Each structure stands twice: as structure tokens, then as C-alpha cells.
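Enquirer: Just the structure for this:
(one chain, ligands or ions: 1)
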Amino acid sequence: MHVSTRRPVPVLTAVDIGALAEETLRVQAAALGLAPRALDDRVPERRARGACGLTAIGAFHDGQLAGFTYGVPAHEPYPWREPVLHRLLAAGRRSWTGDAFYLCELHVLPDFQRQGLGTRLLTALCARAGEHRVILTTPAQPTPARRLYHRHGYRDLIDVPPYASDAAPYAIMGAELPLLPEAFRARAA
Ligand SMILES: CC(C)(COP(=O)(O)OP(=O)(O)OC[C@H]1O[C@@H](n2cnc3c(N)ncnc32)[C@H](O)[C@@H]1OP(=O)(O)O)[C@@H](O)C(=O)NCCC(=O)NCCS
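Expert: Numbering: from 1, shown residues only. Down below sits the predicted model:
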């Protein structure tokens, strides 16, 4: 008898990030290869972010959070807003600062990675953004996240050098909405 080992596909649903503060930080820690409770000290901050007008999506498997993403219109008073908008303005990229959606976080548990869940979360969140552009920050080195963003039409807007000796460089990326995946862009060219 053949027994399928195929994992059921997690279900996506809109979530309240403030109410899921602990769960999202545990998923984030695992996705980043940190100890399970390494980010627990950020719980109060994440609870507070729930009040920032976020759009958030969680992916659930058997009632457990397997991945999540959230973002916010760039005009909302989100903590990363000022430095990112400032960098874009200083680099002459004013068009990316108005009517933009800021993608704050995207994380998938290691056991669920490389099965298309990150793609589903990214496209579902961007489809719900009411703005014309989406911007984000991500570590500058080549990562699965950067490949994912590039595949969906994100461009590198600014490379930001480390602001301190123990800080890592990061990139500000942006895409026009709606997202146009690679296959469609190639066909349109
Ligand atoms: C970035 C991240 C969210 C991607 O999540 P994911 O669920 O693995 O994303 P996907 O499965 O859609 O795509 C990832 C890779 O799996 C591949 N893939 C997708 N479905 C697949 C399948 N069924 N079989 C084999 N490979 C598959 C994709 O082609 C992609 O390959 P690539 O990295 O070589 O380009 C995840 O790696 C993560 O949480 N990373 C740590 C946190 C992080 O960096 N977050 C972003 C911060 S800005």
C-alpha cells in the first residue's frame, strides 16, 4: 500500500499580529535559525504594532502557525517608516515614498520552506495592499528571500551600508503593484 508523505497545504487567513505576538516571534526565530525564544523580548513591541493599521496574513497547519507576513501603508507611523523614507528621498527616489505599502515581515518555519508557502504569503499580502507600490528592507547578501522578491518583480533600490560595526548591510527593494511574476514579465517583454 502506498502511504503518501506529502504534507497538507497550510491554509492562509487574515490575522491580528498583535494577538499573535508570541507565535509570530517564535516562527520568526525558527525561520532565522535562532533559539526558539530568542525574540520573546519583542512581544510588547509586536503587540503594539498590531495597532498600526497592519494588513497581516498567517499560514496555519493543524491550527499551528507555519508562516506569516504583514505590511502597512507607508503613511502609517510604523517604526521603520522614517529611516526608509529618508533613504529613498535622499537617493532621489521620491516616487517610491508616496502611495507605497511597506512589507514589514515575511517568515516561514523551516519545515515548511521550499514548498511555495513564502510565495503564497508574499503574493496574498501584496494582492491586499491598496497602494501602487510595495517597498521592503532585507539583508543585502544573496538569500532565499532576495531571490523570492526578485522573482516577483522587486528591484534593488538602495544598498544601505552597515550603520555600526556590528550591523549588517541591508537593501531597500521595491516593486510596482500588482506583482508581476517572472514568467509573466518574460512573456510581456
Ligand atoms: C524567505 C522565505 C520566507 C521563503 O519561504 P519559502 O516558503 O521557502 O518560499 P518558497 O517555497 O515560495 O520559495 C523558496 C524556494 O523554494 C523553491 N520551491 C518552491 N516550491 C518548491 C517545491 N514544491 N519543491 C522544491 N522547491 C520549491 C523556490 O523555487 C525557491 O527556490 P530558490 O530559493 O532557489 O529561489 C523563507 O526562506 C524564510 O522564512 N527565510 C528566513 C526569514 C527571512 O529571510 N525572511 C525575509 C526577511 S526580509
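Enquirer: so where's this structure uncertain?
Expert: Within the chain, the stretches with pLDDT under 70 are 1-7, 185-189.
Enquirer: which parts of it sit against the ligand?
Expert: Residues of the chain lying close to the ligand by Cβ under 6 Å from any ligand atom are 31-32, 106-108, 113-119, 138, 143-145, 147-148. To be clear about C-beta, it is placed using only N, CA and C from the backbone, and glycine gets the same treatment.
Enquirer: The residue in the chain that the ligand sits nearest to in helix, strand or coil?
Expert: In the chain, the residue that lies nearest the ligand is residue 118 (2.3 Å; Cβ to the nearest ligand atom). Per DSSP: H, G, I helix; E, B strand; the rest coil, the secondary structure class of residue 118 is helix.
Enquirer: Can you give me the neighbour number for it?
Expert: Look at residue 118: counted by other Cβ atoms under 10 Å, it has 22 neighbours.
Enquirer: ok, now which ones touch it?
Expert: Applying Cβ atoms under 8 Å, 6 or more residues apart in numbering to residue 118 gives the contacts 67, 106, 108, 144-145, 148.
Enquirer: Now the buried members of these.
Expert: Taking 16 or more other Cβ atoms under 10 Å as the criterion, what is buried in these is 67, 106, 108, 145, 148.
Enquirer: and of these, the nearest to residue 15?
Expert: residue 67 (11.0 Å; Cβ to Cβ).
Enquirer: from what I can see the closest one touches residue 58, true?
Expert: Yes. Using Cβ atoms under 8 Å, residue 67 and residue 58 qualify as a contacting pair, with a distance of 7.4 Å.
Enquirer: What ranges does this protein have for its strands?
Expert: Under the criterion DSSP state E, the chain carries strands at the ranges 11-14, 55-61, 64-73, 100-108, 133-139, 155-160, 170-176.
Enquirer: mind giving me TSV with those strands and columns for distance to residue 41?
Expert: As requested, the strands of the chain are arranged in TSV below (distance: least, Cβ to Cβ, whole Å):
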stretch	distance to residue 41
strand 11-14	27
strand 55-61	21
strand 64-73	19
strand 100-108	16
strand 133-139	21
strand 155-160	25
strand 170-176	21
